[in-house]
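**Student:** Any chance you could fold what I've pasted below:
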Amino acid sequence: MIVRLAWRSIWRNRRRTLITVSSIGLGLAFAIFFIGLAEGMYDQSVDQIVRTQAGHITLEHPEYRQAPSVDLWVDEVKDLKTRLDTWPEVEQVKVIILGQGMIRSGSGNVGAALMGVEPSTEADVSPVARNMVKGEYLEDGDGPLVVVGSELAERLRLDLGKKLVITSNDAQGNLVEELCRVKGVFRTGSEELDAYFVQTTLNFARRLFRLPAETATQVGLILKNADDQGEILNRARRELAGRSIRVLPWQMVMPDLASYIKMDRFSNLIFQGLLIFMILFTIFNTILMSVLERGREFALLSALGTEPRQVRLQVLMESGYLGLIGCGLGLFLGGLSVYVVNMLGLDFKSLLGEGVTISGFAISTEIHAKLSPGILLGSAAVVFGATLLLSLIPMRRAGNMPMAEMLR
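**Tutor:** Have a look, this model is predicted:
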């Protein structure tokens, strides 16, 4: 009976119910949309950056993170890569030699990061290989050839086929120099890469730094699904426990990026919290006014022998109905908008101009929202739960109506 009474009661004032339900639905839809857009941007940014660097999961020497140096390497990387390539969750295994050096040409010199890679792997996963503006990307059989960033090429007046000298310290600490030629120029939109980054082949990097065969400073795992990171991280640590290898998530390899995402997500949650608070204030006001306007009705119910707890339960059911209908509408509108942006993307190029960088790395201005059950159900659960909590005060008022005064 109470269930039926509550359902009929909310539709006695149809306009107020529709306004309340619309407020809940639109507010929840906006919250879902902005959360999905932000989470999509985070995932997209991480995916682009880890493909340029050492993957979602990085394998390196246990002491490398404290003092990065080419003399702290991982050995037997060929067998290690073959083994990790068989894992179904792994898209690619990157073998990297990362060092520092001085790039010198006839027009000057610049300190830069030097990365030795396997071109056949990088061509499939790295944004560097996909953003060549001059020449061609590296091939596995290349010798002393490099690709350089566009700003670095402009500063040192480098062009295709031009010579440059790389000066660095090898694994034994000796000063070494190697003469190279430019095979290509890339432009990613990131100042950190375009102005201070040079790629060469893995074999030439070993020759430059005098490293033994089958060694590298890092081995990176690119995952098909970033959500599998925790599972793959634990599996890698278990299976490689007997080797002198430290397994790290990208959050520890790139702490600046992880901190940025954490702070931005926190600020985004504050914004969503303010939005939901304004929605809940409207809901509270609506439920309270509904109870106050029906004082004579509740007093008459009490006079007929209805217990106060039954009256309170009716108000709770009315709030529950409003929350369910509003959350259902919000889930539909919010989920639909996120799905559309996930499939088609939302391009912010006109607003962001040349682009945007996170922790020095450029990301695409076309954002694809992230649609997941956690975002949908989590947001709806917060709004629905808060709606029920807000009904506690009107429930108390409804159960404590002064019967004689209201009937008089």
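
**Student:** C-alpha from now on. contacts and neighbour counts both.
**Tutor:** Fine.

**Student:** Let me see the contact set for residue 157.
**Tutor:** Contact analysis of residue 157 by Cα atoms under 8 Å, 6 or more residues apart in numbering lists 105, 107.

**Student:** if we go to 7 Å?
**Tutor:** Residues in contact with residue 157 (Cα atoms under 7 Å, 6 or more residues apart in numbering) are residue 107.

**Student:** which stretches of the chain aren't confidently modelled?
**Tutor:** Low-confidence segments of the chain (pLDDT under 70): 295, 298-299, 301-306, 348-365, 397-408.

**Student:** And the residue nearest the centre of it?
**Tutor:** residue 42 (2.4 Å; Cα atoms, centre = their mean).

**Student:** Which parts of this protein belong to which domain?
**Tutor:** 2-48+258-407, 54-252 (automatic domain parsing).

**Student:** nearest residue to the residue nearest to the centre of the chain other than its sequence neighbours?
**Tutor:** Once flanking residues are discounted, residue 42 sits nearest to residue 261: 6.7 Å by Cα to Cα, 6 or more residues apart in numbering.

**Student:** Quick check: which element contains the one you found?
**Tutor:** With elements taken from DSSP states H and E, the one containing residue 261 is helix 255-293.

**Student:** Make sure residue 33 is actually in contact with residue 333.
**Tutor:** No: Residue 33 lies out of contact with residue 333 (Cα atoms under 7 Å); the separation is 8.9 Å.

**Student:** how deep is the residue nearest to residue 130 when sequence neighbours are not counted tucked in, by neighbour count?
**Tutor:** Excluding its sequence neighbours, the residue lying closest to residue 130 (Cα to Cα, 6+ apart) is residue 123, at 7.2 Å. By the measure other Cα atoms under 10 Å, the count of residues near residue 123 is 15.

**Student:** Test my guess that residue 123 contacts residue 136.
**Tutor:** No: the pair residue 123 / residue 136 is not scored as a contact, 10.9 Å apart, by Cα under 7 Å.

**Student:** Surely residue 101 touches residue 109?
**Tutor:** No: the criterion here is Cα under 7 Å, and residue 101 misses it with residue 109 at 10.3 Å.

**Student:** check contacts around residue 219.
**Tutor:** Contacts of residue 219 (Cα under 7 Å, 6+ apart): 54, 58-60, 93-96.

**Student:** switch to 6 Å and redo it
**Tutor:** Contacts here follow Cα atoms under 6 Å, 6 or more residues apart in numbering; on that basis residue 219 touches 58-59, 94-95.

**Student:** helix or strand for residue 115, which one?
**Tutor:** Going by DSSP H and E, residue 115 is part of strand 108-117.

**Student:** contacts for the helix or strand following that strand?
**Tutor:** On the C-terminal side of strand 108-117, the closest following helix or strand by DSSP H and E is helix 119-125. Here helix 119-125 makes contact (Cα under 6 Å, 6+ apart) with 51, 129, 138-140.

**Student:** Quick check: ChimeraX command selecting the buried ones in the residues you listed.
**Tutor:** A single ChimeraX command selects the buried members of the contacts of helix 119-125 (16 or more other Cα atoms under 10 Å):
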select :51,129,138,139
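
**Student:** Return the member of the contacts of helix 119-125 nearest to residue 314.
**Tutor:** residue 51 (56.3 Å; Cα to Cα).

**Student:** That closest one is in contact with residue 128, isn't it?
**Tutor:** No: in this structure, residue 51 is not within contact of residue 128 by Cα atoms under 6 Å, at 9.3 Å.

**Student:** Please compute how far the strand holding residue 115 lies from its chain's middle.
**Tutor:** Strand 108-117 has its C-alpha centroid displaced from the chain centroid by 29 Å (Cα atoms, centre = their mean, to the nearest Å).

**Student:** so what strands line up beside that strand?
**Tutor:** According to DSSP bridges, strand 108-117 forms sheet pairs with strand 90-105 (antiparallel), strand 197-201 (parallel).

**Student:** Now do the shortest one: everything it contacts.
**Tutor:** Taking Cα under 6 Å, 6+ apart as the criterion, the residues outside strand 197-201 that touch it are 112-118, 146-148.

**Student:** Most widely separated two among those?
**Tutor:** 112 and 118 (19.4 Å).

**Student:** tell me which residues in stretch 79-99 are buried?
**Tutor:** 80-81, 84, 89-99.

**Student:** what's the answer for stretch 267-281, then?
**Tutor:** 272, 276, 279-280.

**Student:** Pull the residues that contact it.
**Tutor:** residue 31.

**Student:** again, only using 7 Å
**Tutor:** Stretch 267-281 has contacts (Cα under 7 Å, 6+ apart) with 23-24, 27, 31, 387.

**Student:** Equivalent analysis for stretch 238-250, please.
**Tutor:** Counting by Cα under 7 Å, 6+ apart, 55-62, 237 sit against stretch 238-250.
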